[in-house]
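Enquirer: no sequence for this one, just the structure:
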């Protein structure tokens, strides 16, 4: 009678240990997924001047160019946006 209980105890302990170790192995599974985000970023271009007359040019459009030409007493500001 005691031998039957010992076998049942051993079997239960073995099953418990197997279930614990397999859950640890399953927890280490690494899964990768790809997330694609689509967004519209509006074009923005700003031109500001400091008190000293320096130009601060900021744009998120790669095709916008700013040139400053100084001739005699005239300063020309040229902005090209395509």
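Expert: It's in. All values reported here derive from a predicted model rather than from experimental measurement. Residues are numbered from 1 along each chain as shown.
Enquirer: ok, residue 18 to residue 5 distance?
Expert: As judged by CB to CB, to the nearest Å, residue 18 and residue 5 stand 20 Å apart. In short, each C-beta sits where N, CA and C put it, glycine included.
Enquirer: Could you do residue 61 as well?
Expert: 81 Å.
Enquirer: out of these two, which sits in the busier spot?
Expert: Looking at residue 61 and residue 5 with other CB atoms under 10 Å, you find the greater number of neighbours at residue 61, namely 13 against 9.
Enquirer: surely the more buried one meets residue 46?
Expert: No - taking CB atoms under 8 Å as the contact criterion, residue 61 and residue 46 are not neighbours in contact, 11.1 Å apart.
Enquirer: name the element residue 21 belongs to?
Expert: helix 2-27 (DSSP states H and E).
Enquirer: Show me where this structure dips below the pLDDT cut-off.
Expert: By pLDDT under 70, the weakly predicted segments of the chain are 1-2, 22-31.
Enquirer: One more pass at 80, please.
Expert: 1-5, 19-32, 35, 37, 39-42, 53, 81-82 (pLDDT under 80).
Enquirer: Contact partners for residue 13?
Expert: By CB atoms under 8 Å, 6 or more residues apart in numbering, the contact set of residue 13 is empty.
Enquirer: Also residue 66?
Expert: 47, 55, 57, 77, 78, 79, 80.
Enquirer: of all those residues, which comes closest to residue 36?
Expert: residue 57 (32.6 Å; CB to CB).
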